[in-house]
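> what's the 3D shape of this:
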Amino acid sequence: MTFRALIAEDEPLLALGLQHALAEAWPELDTSALALDGIAAVQQALALQPDVLFFDIRMPGQSGLEAAAELADAWPPDRPFPALVFITAYDQYAVQAFEAQAADYLLKPVQPERLRRTVQRLQQRLTAPPAPSQMDATLAQLRALLDLPAAAPARLQMLQAGQGTQIHMVAVAEVLFLEAADKYVRVCTATQEYLVRTPLKELLPCLDPEQFWQVHRGTVVRANAIASASRDASGRLSLHLRQRPERLAVSRLYAHRFKAM
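Okay, here's the model as predicted:
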């Protein structure tokens with residue numbers, strides 16, 4: 001049986017090396033699809049719908065984890081999600097995280113024996129009947145890997161937001177939600193909006209996770225600002241806030257927060 005893979009690796013020589021190694025370990029696997037960054041990897045994966053994804057952890061634009069999370073959210077619900085293998089240079093922290101979450105990974109440079117074992121696991125998974133909870137397990141795995149901080153930073157109490165020639169001091173206690181917007185983050189209180197330059201992924205570890213919930217790759221909301229969650233005809237969730245008119249989309253990755261108790 002022939003399967004198709006997508007290799008996402010920003011170093012072309014390493015991508016070609018993996019292609020050749022896979023051709024020897026798994027001749028039936030089509031490895032012709034290559035992506036050089038995380039954004040292209042998501043676009044190609046949605047277009048090609050491969051059976052296996054080999055995602056480098058460190059890529060320009062998006063990391064392999066971020067690309068996998070975005071892809072999981074956008075993946076067609078009637079198609080099984082691809083088997084996922086992360087590629088990383090040796091990093092004790094990353095390796096421990098992958099092993100703790102039972103995530104398959106390959107270390108650079110890829111060793112033939114390790115690749116052979118990975119191929120065996122992939123072949124077993126792809127030829128087994130699809131499990132109903134497989135997507136849920138993948139989402140839980142990605143959430144856990146994305147949520148692992150390298151260190152516990154100090155909690156933010158104030159945000160500094162530039163507006164013209166002024167710098168506004170915004171108390172985090174007043175923030176209802178934060179939303180990525182181009183090169184800025186939109187910070188919304190009950191009555192005001194501000195723009196800050198610090199990326200959302202850098203702000204998030206500095207916010208109290210009990211108070212601020214990530215509900216989308218680009219959206220973080222204060223939990224007690226949520227009035228209700230509703231689902232549309234396609235099953236997508238959105239949030240209604242107590243003091244703001246916006247409706248905030250909830251990605252598939254974070255929909256587990258809004259199951260009835």
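> Find the nearest non-adjacent residue to L176, please.
A225 (4.3 Å; CB to CB, 6 or more residues apart in numbering). Where C-beta positions appear, they are placed from N, C-alpha and C, glycine not excepted.
> I figured that neighbour was touching E174, is that so?
No. Assessed by CB atoms under 8 Å, A225 is found out of contact with E174, at 10.5 Å.
> These two - which one has more neighbours?
Ranked by neighbour count (other CB atoms under 10 Å), A225 and E174 place A225 first, with 21 against 14.
> quick one on the thing from earlier: tell me the contacts of the residue nearest to L176?
For A225, the contact set (CB atoms under 8 Å, 6 or more residues apart in numbering) comprises 176-177, 241-244.
> could you redo the last one with a cut-off of 6 Å?
The neighbourhood of A225, defined by CB atoms under 6 Å, 6 or more residues apart in numbering, consists of 176, 241-242.
> buried subset of those?
Those of the contacts of A225 that meet the buried threshold are 176, 241, by 16 or more other CB atoms under 10 Å.
> Tell me which of the contacts of A225 has the lowest pLDDT.
Lowest in pLDDT among the contacts of A225 is R242, which has 94.
> Correct me if wrong: it contacts A227.
Yes. Using CB atoms under 6 Å, R242 is in contact with A227, at 4.7 Å.
> show me where the stretch 101-250 of the chain has helices.
All helices of the stretch 101-250 of the chain, identified by DSSP state H, counting those that start in this stretch, fall at 112-127, 134-146, 200-203.
> tell me the angle the longest one makes with helix 134-146.
Relative orientation of helix 112-127 versus helix 134-146 (axes from the mean of the first three to the mean of the last three CA atoms, to 10 degrees): 140 degrees.
> Look up how far Q134 lies from E179.
Separation of E179 from Q134 (CB to CB, to the nearest Å) stands at 31 Å.
> go on, F55?
Separation of F55 from Q134 (CB to CB): 18 Å.
> Got the confidence number for T2?
Looking at T2, its pLDDT is 85.
> I am finished for the moment; much appreciated.
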